[in-house]
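Participant: need a 3D model of the sequence below.
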Amino acid sequence: MNKLNSLLLLGTVAGVITLGSCGTAEAPKPEASAPAPATAANGTYAIDPSASAVDWTGSMAGVKSHTGTLKFNKGELTMANGVLSGGTFTVDMKSYAFTDTNYAKDGSAQGTRKDLMAHLMSPDFFAADSFPTAEFVITKVDGNSATGNLTVRGRTHEEQVKNIVLSVDGKTVKATGDLTFNRQNYGVSWKSPMKDMVLSNDIVLKVQLQGTGA
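Facilitator: Got it, this is the predicted structure:
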């Protein structure tokens, strides 16, 4: 091989090495795996009585309404795949607290807050001494409604909780819903027929629950 050919060969080899060094593509990086979907809420959540309540409204023939709250003694709700599937709830009927001011001032001859409370607790209405608790047991859930057995004054009838909204944050679940029932079905009626007629038969409840899972 003459000198010229040797130089050409060396130049070609050097060029190939240089091109190889500059043009080598980086190895493709593995694609990041998609985050695992959040685990849907499942299991039983014990109700926190201090963070749960029932707001109630009772009306008098369009004249005025009384509103208040009731507390839960205990309860639990069951979740399956992130949706409500069941539950049992017990309310303390002696935990009545008023949130309206539609009553006479303390010291008045009648119609005071104390008078109204005593009347609601009496056999004319909820007979709280004889029936200190009320209970609701879910028997069926359909979408955002739950059907169940409501027991008040020892009488049980099927009722429906509507407009249920659920939220889950870790081990905590919150739920709200609306329930309206006819008080006459449960013997919640004034012994004075004329006076009882001015009261709406509908008692409107707004249920607010907070529970914690294991």
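
Participant: quick one, strands of the chain?
Facilitator: For the chain, strands defined by DSSP state E occupy the ranges 43-47, 53-60, 64-80, 83-98, 133-142, 145-152, 155-169, 172-182, 199-213.

Participant: ok, the fifth one: who's next to it in the sheet?
Facilitator: Here strand 133-142 is paired, per DSSP bridges, with strand 83-98 (antiparallel), strand 145-152 (antiparallel).

Participant: in the shortest one, what counts as buried?
Facilitator: Right, the one you point to is strand 145-152. Across strand 145-152, burial judged by 16 or more other C-beta atoms under 10 Å covers 146, 148, 150-152. In this view, the C-beta of every residue, glycine as well, is placed from N, C-alpha and C.

Participant: among the strands paired with strand 133-142, which comes closest to Ser122?
Facilitator: Judged by C-beta to C-beta, the one of the strands paired with strand 133-142 that comes nearest to Ser122 is strand 83-98, at 12.0 Å.

Participant: tell me, what residue is most central in this structure?
Facilitator: The centre of the chain sits closest to Ala175, judged by C-alpha atoms, centre = their mean, with a distance of 0.4 Å.

Participant: next one: that residue, what pLDDT does it get?
Facilitator: At Ala175, the pLDDT value in this model is 96.

Participant: low-confidence ranges in this protein?
Facilitator: 1-40, 62, 194, 214 (pLDDT under 70).

Participant: coming back round to it: possible to save the strands paired with strand 133-142 as TSV with distance to Asn185?
Facilitator: Below are those laid out as TSV (distance: least, C-beta to C-beta, whole Å):
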stretch	distance to Asn185
strand 83-98	16
strand 145-152	9
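
Participant: so which of the ones you listed comes closest to Leu179?
Facilitator: That would be strand 145-152 among the strands paired with strand 133-142, by C-beta to C-beta, at 7.6 Å.
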